[in-house]
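In: show me how the following folds:
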Amino acid sequence: MVSYVKSERQAEREKIRKSRTLRSASTATISTIIFLVLVVYVVTNAPGWQRVEETFFSWENFTKALPDVAEGFLINIKIFMIAEPLILIVGLLVALVRGLKSPVFFPLRALAIAYTDLFRGVPTLLLVLLIGFGLPALNLQGAPNDPVTLGIIALTLSYGAYVAEVFRSGIESVHPSQVAAARSLGLPYGKTMRFVVLPQAVRRVIPPLLNDFVALQKETSLVATIGVIEAVRQAQIHVAKTFNYTPYLVAALLFVLLTIPMARFTDYLAARSQRRRGA
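Out: Residues are numbered from 1 along each chain as shown. As a prediction, this is how the structure comes out:
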(Lines give C-alpha, C1' and ligand atoms only; values in the text may rest on other atoms or scores of the structure.)
Protein backbone atom coordinates (compact mmCIF):
# COMPACT_ATOMS: atom_id res chain seq x y z
CA MET A 1 0.00 0.00 0.00
CA VAL A 2 2.80 2.43 0.93
CA SER A 3 4.74 1.66 -2.26
CA TYR A 4 1.60 2.21 -4.33
CA VAL A 5 1.05 5.64 -2.77
CA LYS A 6 4.71 6.54 -3.40
CA SER A 7 4.48 5.53 -7.05
CA GLU A 8 1.32 7.62 -7.43
CA ARG A 9 3.07 10.66 -5.95
CA GLN A 10 6.10 10.15 -8.18
CA ALA A 11 3.88 9.91 -11.24
CA GLU A 12 2.07 13.10 -10.22
CA ARG A 13 5.34 14.94 -9.66
CA GLU A 14 6.65 13.77 -13.05
CA LYS A 15 3.44 14.96 -14.69
CA ILE A 16 3.76 18.39 -13.06
CA ARG A 17 7.43 18.61 -14.07
CA LYS A 18 6.65 17.79 -17.71
CA SER A 19 3.83 20.33 -17.71
CA ARG A 20 6.15 23.05 -16.38
CA THR A 21 8.83 22.15 -18.91
CA LEU A 22 6.32 22.32 -21.77
CA ARG A 23 5.02 25.68 -20.52
CA SER A 24 8.54 27.08 -20.25
CA ALA A 25 9.47 25.86 -23.73
CA SER A 26 6.31 27.36 -25.22
CA THR A 27 6.91 30.69 -23.53
CA ALA A 28 10.54 30.77 -24.67
CA THR A 29 9.56 29.93 -28.25
CA ILE A 30 6.85 32.58 -28.45
CA SER A 31 9.02 35.29 -26.92
CA THR A 32 11.90 34.41 -29.28
CA ILE A 33 9.63 34.60 -32.34
CA ILE A 34 8.24 37.98 -31.24
CA PHE A 35 11.75 39.32 -30.63
CA LEU A 36 13.00 38.14 -34.03
CA VAL A 37 9.98 39.62 -35.80
CA LEU A 38 10.62 42.98 -34.10
CA VAL A 39 14.30 42.92 -35.05
CA VAL A 40 13.51 42.07 -38.68
CA TYR A 41 10.87 44.80 -38.82
CA VAL A 42 13.20 47.46 -37.41
CA VAL A 43 16.12 46.47 -39.65
CA THR A 44 14.14 46.16 -42.89
CA ASN A 45 12.42 49.51 -42.32
CA ALA A 46 15.66 51.38 -41.63
CA PRO A 47 16.45 54.18 -44.13
CA GLY A 48 19.61 52.49 -45.40
CA TRP A 49 18.24 48.94 -45.61
CA GLN A 50 18.05 48.88 -49.42
CA ARG A 51 21.75 49.69 -49.75
CA VAL A 52 22.68 47.15 -47.05
CA GLU A 53 20.58 44.50 -48.79
CA GLU A 54 22.33 45.10 -52.11
CA THR A 55 25.80 45.10 -50.49
CA PHE A 56 25.53 42.20 -48.04
CA PHE A 57 22.57 40.07 -49.15
CA SER A 58 22.95 39.75 -52.91
CA TRP A 59 21.69 36.29 -53.91
CA GLU A 60 23.58 36.45 -57.21
CA ASN A 61 26.90 37.10 -55.47
CA PHE A 62 26.05 34.52 -52.82
CA THR A 63 25.63 31.73 -55.38
CA LYS A 64 28.75 32.76 -57.29
CA ALA A 65 30.98 32.86 -54.21
CA LEU A 66 29.64 29.77 -52.44
CA PRO A 67 31.62 27.07 -54.38
CA ASP A 68 34.98 28.81 -54.00
CA VAL A 69 34.43 29.79 -50.36
CA ALA A 70 33.25 26.26 -49.54
CA GLU A 71 36.38 24.85 -51.19
CA GLY A 72 38.52 27.17 -49.08
CA PHE A 73 36.54 26.19 -46.01
CA LEU A 74 37.74 22.61 -46.44
CA ILE A 75 41.25 23.93 -45.76
CA ASN A 76 39.99 25.49 -42.51
CA ILE A 77 38.55 22.13 -41.50
CA LYS A 78 41.80 20.37 -42.42
CA ILE A 79 43.84 22.80 -40.31
CA PHE A 80 41.46 22.37 -37.38
CA MET A 81 41.45 18.56 -37.56
CA ILE A 82 45.27 18.40 -37.60
CA ALA A 83 45.88 21.13 -35.02
CA GLU A 84 43.37 19.85 -32.45
CA PRO A 85 45.12 16.54 -31.54
CA LEU A 86 48.51 18.27 -31.61
CA ILE A 87 47.23 20.91 -29.19
CA LEU A 88 45.90 18.23 -26.84
CA ILE A 89 49.27 16.45 -26.82
CA VAL A 90 51.28 19.65 -26.28
CA GLY A 91 48.91 20.94 -23.61
CA LEU A 92 48.88 17.68 -21.67
CA LEU A 93 52.68 17.32 -21.77
CA VAL A 94 53.22 20.89 -20.58
CA ALA A 95 50.66 20.44 -17.77
CA LEU A 96 52.37 17.23 -16.62
CA VAL A 97 55.80 18.86 -16.68
CA ARG A 98 54.52 21.75 -14.59
CA GLY A 99 53.28 19.22 -12.03
CA LEU A 100 56.71 17.65 -11.48
CA LYS A 101 57.83 18.51 -7.94
CA SER A 102 61.35 17.08 -7.82
CA PRO A 103 64.16 19.72 -7.87
CA VAL A 104 65.91 17.82 -10.64
CA PHE A 105 63.07 18.75 -12.99
CA PHE A 106 63.26 22.47 -12.24
CA PRO A 107 64.71 23.38 -15.71
CA LEU A 108 61.79 21.59 -17.39
CA ARG A 109 59.28 23.29 -15.09
CA ALA A 110 60.82 26.67 -15.77
CA LEU A 111 60.69 25.99 -19.51
CA ALA A 112 57.02 24.96 -19.29
CA ILE A 113 56.14 28.09 -17.30
CA ALA A 114 58.02 30.29 -19.78
CA TYR A 115 56.18 28.60 -22.66
CA THR A 116 52.72 29.19 -21.20
CA ASP A 117 53.49 32.77 -20.20
CA LEU A 118 54.99 33.64 -23.59
CA PHE A 119 52.46 32.06 -25.91
CA ARG A 120 49.44 33.13 -23.88
CA GLY A 121 50.74 36.69 -23.97
CA VAL A 122 51.46 36.93 -27.70
CA PRO A 123 48.33 37.52 -29.83
CA THR A 124 47.58 34.57 -32.09
CA LEU A 125 47.65 36.77 -35.19
CA LEU A 126 51.15 38.01 -34.41
CA LEU A 127 52.29 34.45 -33.74
CA VAL A 128 50.93 33.29 -37.10
CA LEU A 129 52.83 36.10 -38.82
CA LEU A 130 56.05 35.45 -36.90
CA ILE A 131 56.01 31.70 -37.59
CA GLY A 132 54.68 32.04 -41.13
CA PHE A 133 57.31 34.52 -42.28
CA GLY A 134 60.10 34.05 -39.74
CA LEU A 135 60.61 30.29 -39.90
CA PRO A 136 61.14 30.13 -43.70
CA ALA A 137 63.48 33.13 -43.47
CA LEU A 138 65.88 31.09 -41.31
CA ASN A 139 66.54 28.75 -44.25
CA LEU A 140 66.88 25.78 -41.91
CA GLN A 141 67.38 22.46 -43.64
CA GLY A 142 64.21 20.39 -43.39
CA ALA A 143 62.16 23.27 -41.96
CA PRO A 144 58.61 23.45 -43.41
CA ASN A 145 57.82 26.14 -45.96
CA ASP A 146 54.19 25.24 -46.66
CA PRO A 147 51.90 28.02 -45.33
CA VAL A 148 49.31 25.48 -44.14
CA THR A 149 51.92 23.62 -42.07
CA LEU A 150 53.30 26.87 -40.69
CA GLY A 151 49.80 27.97 -39.73
CA ILE A 152 49.19 24.68 -37.94
CA ILE A 153 52.45 25.09 -36.01
CA ALA A 154 51.50 28.62 -34.95
CA LEU A 155 48.00 27.63 -33.82
CA THR A 156 49.38 24.62 -31.96
CA LEU A 157 51.90 26.73 -30.06
CA SER A 158 49.30 29.37 -29.20
CA TYR A 159 46.42 27.14 -28.14
CA GLY A 160 48.73 24.57 -26.56
CA ALA A 161 49.53 27.14 -23.86
CA TYR A 162 45.84 27.71 -23.09
CA VAL A 163 45.01 24.01 -23.09
CA ALA A 164 47.99 23.32 -20.80
CA GLU A 165 46.46 25.61 -18.19
CA VAL A 166 43.09 23.90 -18.59
CA PHE A 167 44.67 20.50 -18.02
CA ARG A 168 46.68 21.83 -15.08
CA SER A 169 43.54 23.18 -13.41
CA GLY A 170 41.87 19.81 -13.88
CA ILE A 171 44.83 17.95 -12.40
CA GLU A 172 45.00 20.29 -9.41
CA SER A 173 41.24 19.90 -8.82
CA VAL A 174 41.72 16.22 -7.98
CA HIS A 175 41.85 15.92 -4.19
CA PRO A 176 45.33 15.15 -2.79
CA SER A 177 43.87 12.19 -0.91
CA GLN A 178 43.45 10.43 -4.26
CA VAL A 179 47.18 10.70 -4.92
CA ALA A 180 48.04 9.72 -1.33
CA ALA A 181 45.81 6.63 -1.54
CA ALA A 182 47.37 5.55 -4.83
CA ARG A 183 50.91 6.03 -3.51
CA SER A 184 50.05 4.11 -0.33
CA LEU A 185 49.06 1.18 -2.54
CA GLY A 186 52.54 1.21 -4.06
CA LEU A 187 51.77 2.93 -7.36
CA PRO A 188 54.67 5.04 -8.65
CA TYR A 189 54.12 8.66 -9.68
CA GLY A 190 53.67 7.84 -13.37
CA LYS A 191 51.00 5.19 -12.82
CA THR A 192 49.28 7.37 -10.22
CA MET A 193 48.91 10.13 -12.79
CA ARG A 194 47.90 7.73 -15.55
CA PHE A 195 45.34 5.59 -13.73
CA VAL A 196 44.08 7.83 -10.91
CA VAL A 197 44.56 11.54 -11.53
CA LEU A 198 44.29 12.00 -15.30
CA PRO A 199 41.01 10.09 -15.82
CA GLN A 200 39.31 12.31 -13.23
CA ALA A 201 40.98 15.50 -14.45
CA VAL A 202 40.12 14.93 -18.12
CA ARG A 203 36.43 14.35 -17.34
CA ARG A 204 36.31 17.64 -15.44
CA VAL A 205 37.94 19.76 -18.13
CA ILE A 206 36.10 18.48 -21.20
CA PRO A 207 33.64 21.45 -21.35
CA PRO A 208 36.35 24.17 -21.17
CA LEU A 209 38.47 22.21 -23.64
CA LEU A 210 35.61 22.15 -26.11
CA ASN A 211 35.14 25.89 -25.63
CA ASP A 212 38.77 26.39 -26.63
CA PHE A 213 38.26 24.27 -29.72
CA VAL A 214 35.16 26.26 -30.69
CA ALA A 215 37.43 29.32 -30.66
CA LEU A 216 40.10 27.40 -32.59
CA GLN A 217 37.65 26.71 -35.42
CA LYS A 218 37.31 30.45 -36.01
CA GLU A 219 41.00 31.20 -35.48
CA THR A 220 41.94 28.97 -38.42
CA SER A 221 40.99 31.93 -40.62
CA LEU A 222 44.11 33.75 -39.37
CA VAL A 223 46.30 31.59 -41.62
CA ALA A 224 45.01 33.70 -44.52
CA THR A 225 47.52 36.35 -43.44
CA ILE A 226 50.43 34.13 -44.54
CA GLY A 227 49.01 33.24 -47.95
CA VAL A 228 46.70 30.29 -47.35
CA ILE A 229 43.69 30.46 -49.71
CA GLU A 230 41.06 29.41 -47.18
CA ALA A 231 37.44 30.53 -46.79
CA VAL A 232 38.04 34.12 -45.71
CA ARG A 233 40.71 34.67 -48.37
CA GLN A 234 38.42 33.25 -51.06
CA ALA A 235 35.68 35.60 -49.89
CA GLN A 236 38.13 38.50 -49.98
CA ILE A 237 39.09 37.65 -53.57
CA HIS A 238 35.43 37.72 -54.64
CA VAL A 239 34.86 41.01 -52.80
CA ALA A 240 37.83 42.57 -54.60
CA LYS A 241 36.31 41.58 -57.95
CA THR A 242 32.70 42.65 -57.34
CA PHE A 243 32.96 45.26 -54.55
CA ASN A 244 30.10 43.39 -52.90
CA TYR A 245 30.45 42.04 -49.35
CA THR A 246 28.08 39.07 -49.67
CA PRO A 247 31.00 36.56 -49.95
CA TYR A 248 31.99 37.52 -46.40
CA LEU A 249 28.48 36.52 -45.32
CA VAL A 250 28.97 33.15 -47.06
CA ALA A 251 32.19 32.53 -45.09
CA ALA A 252 30.51 33.62 -41.86
CA LEU A 253 27.61 31.21 -42.39
CA LEU A 254 29.97 28.30 -43.01
CA PHE A 255 31.83 29.02 -39.77
CA VAL A 256 28.54 29.32 -37.88
CA LEU A 257 27.35 25.98 -39.25
CA LEU A 258 30.54 24.41 -37.93
CA THR A 259 30.69 26.09 -34.51
CA ILE A 260 27.04 25.94 -33.40
CA PRO A 261 26.82 22.10 -33.16
CA MET A 262 30.03 21.97 -31.13
CA ALA A 263 28.85 24.83 -28.91
CA ARG A 264 25.59 23.04 -28.18
CA PHE A 265 27.49 19.81 -27.49
CA THR A 266 29.70 21.74 -25.07
CA ASP A 267 26.62 23.11 -23.28
CA TYR A 268 25.20 19.58 -23.04
CA LEU A 269 28.39 18.19 -21.50
CA ALA A 270 28.60 21.10 -19.05
CA ALA A 271 24.98 20.60 -17.96
CA ARG A 272 25.50 16.85 -17.58
CA SER A 273 28.61 17.42 -15.49
CA GLN A 274 26.71 19.86 -13.28
CA ARG A 275 23.86 17.38 -12.81
CA ARG A 276 26.33 14.68 -11.80
CA ARG A 277 28.01 16.96 -9.26
CA GLY A 278 24.61 17.90 -7.90
CA ALA A 279 23.65 14.25 -7.56
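In: from here on, contacts and neighbour counts on C-alpha atoms
Out: Noted.
In: how about the helices in the protein?
Out: With DSSP state H, the ranges of helices along the chain come out as 2-44, 49-56, 59-98, 106-121, 124-137, 147-173, 176-184, 189-192, 198-219, 231-242, 246-278.
In: out of those, which gets nearest to residue 225?
Out: Each of the helices of the chain has some distance to residue 225 by Cα to Cα; the shortest is helix 124-137, at 7.0 Å.
In: any figure for the gap between residue 76 and residue 233?
Out: Relative to residue 233, residue 76 is positioned 11 Å away (Cα to Cα, to the nearest Å).
In: pick out whichever of the two has more residues nearby.
Out: More crowded of residue 76 and residue 233, by other Cα atoms under 10 Å: residue 76, with 26 against 23.
In: how about the closest residue to the more buried one other than its chain neighbours, what does it touch?
Out: Counting by Cα to Cα, 6 or more residues apart in numbering, residue 220 is the residue found nearest to residue 76 once chain neighbours are left out, at 5.7 Å. Going by Cα atoms under 8 Å, 6 or more residues apart in numbering, residue 220 touches 76, 79, 80, 155.
In: for burial, what's the neighbour tally of the closest residue to residue 189 other than its chain neighbours?
Out: Spatially, and ignoring its direct neighbours in sequence, residue 189 is nearest to residue 183 (7.4 Å; Cα to Cα, 6+ apart). Summarising burial for residue 183: neighbours were counted as other Cα under 10 Å, giving 14.
In: could you check the pLDDT of residue 183?
Out: According to the model's per-residue confidence, residue 183 sits at a pLDDT of 80.
In: looking at it, it is touching residue 192, isn't it?
Out: Yes: under the criterion of Cα atoms under 8 Å, residue 183 is in contact with residue 192, at a separation of 7.0 Å.
In: circling back: where does the residue nearest to residue 189 sit relative to residue 238, distance-wise?
Out: Relative to residue 238, residue 183 is positioned 62 Å away (criterion: Cα to Cα).
In: I'd say residue 236 and residue 244 touch.
Out: No: under the criterion of Cα under 8 Å, residue 236 is not in contact with residue 244, lying 9.8 Å apart.
In: quick one on the thing from earlier: can you redo the helices of the chain as TSV with distance to residue 225?
Out: Output for the helices of the chain, formatted as TSV (distance: least, Cα to Cα, whole Å):
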stretch	distance to residue 225
helix 2-44	33
helix 49-56	23
helix 59-98	13
helix 106-121	19
helix 124-137	7
helix 147-173	9
helix 176-184	46
helix 189-192	42
helix 198-219	12
helix 231-242	9
helix 246-278	16
